[in-house]
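# The amino acid sequence is not available; the structure is as follows:
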């Protein structure tokens, strides 16, 4: 059977048995969701790449030490490792009392829309994304986490529930409250999110 057609369970078993290429298939299968989650949480490309790499180093070590008990939720397990590494990073950063920049994470010179439309449209799109990100950032942590995982990373509500250790109904409820809170912010601040 082709490795691409194998389940995560089969690939993990093959990797643990010594078939190294199985790990590459697993990483390629899940790298986009894992990286997007990390990036949209830390909002810094280099930091996201570092945490992504650390995540998979930890995954490899855990698999080699037989610490992963398969329950059919490999992606959720990997995302929990990434989440814990993000928390560790922010704890260390807080202890060092670093002062961060103003949170602008868009490089206008590398923004894709500049080559596809006019500069004014690109500037409006950048502003809309910044406004949305600011609203997401002020949501309570549990609501923010669901919004990022759903809309920026693309996880299903089942995957979100598995990763965060809550029921699907709780994840859906958190999303509902997040949307209500964001609508209130839009109304209160009279934010316009379209061109």
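Yes, it's here. The shown structure was predicted, so the numbers you read here are calculated from the model rather than taken from an experiment.

# Find the centremost residue of this protein, please.
A centroid search over the chain (Cα atoms, centre = their mean) returns residue 37, at 0.7 Å, as the residue closest to the centre.

# Quick check, that residue in contact with residue 150.
No. Taking contacts as Cβ atoms under 8 Å, residue 37 lies outside contact range of residue 150: 10.6 Å. (Each C-beta comes from the backbone N, C-alpha and C, glycine too.)

# Give me the below-cutoff pLDDT ranges for this protein.
Within the chain, the stretches with pLDDT under 70 are 1, 70, 94-129, 190-195.

# how does it divide into domains?
3-96, 108-189 (automatic domain parsing).

# Let me see the ranges of the helices in the chain.
Remark: helices assigned in the chain by DSSP state H are 8-16, 21-42, 45-64, 74-96, 113-116, 119-137, 141-147, 157-164, 168-189.

# Tabulate the ones you listed (a markdown table), appending distance to residue 2.
Conversion of the helices of the chain to a markdown table gives the following (distance: least, Cβ to Cβ, whole Å):
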| stretch | distance to residue 2 |
| --- | --- |
| helix 8-16 | 11 |
| helix 21-42 | 10 |
| helix 45-64 | 21 |
| helix 74-96 | 19 |
| helix 113-116 | 37 |
| helix 119-137 | 39 |
| helix 141-147 | 35 |
| helix 157-164 | 25 |
| helix 168-189 | 32 |
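
# what does stretch 140-150 contact?
37, 40-41, 136-137, 139, 155, 157, 159-160, 163-164, 171, 174-175, 177-178, 181 (Cβ atoms under 8 Å, 6 or more residues apart in numbering).

# Stretch 177-186 too?
Against stretch 177-186 from outside (Cβ under 8 Å, 6+ apart): 135, 136, 138, 139, 140, 143, 144, 146, 147, 191, 193.

# Closest to residue 16 out of those residues?
Nearest to residue 16 among those: residue 146, at 32.6 Å, using Cβ to Cβ.

# The closest one - how many residues pack around it?
Residue 146 is flanked by 26 other residues according to other Cβ atoms under 10 Å.

# Give me the nearest residue to it, chain neighbours excluded.
Of all residues not flanking residue 146 in the chain, residue 174 sits nearest, at 4.4 Å (Cβ to Cβ, 6 or more residues apart in numbering).

# Done for today, thanks.
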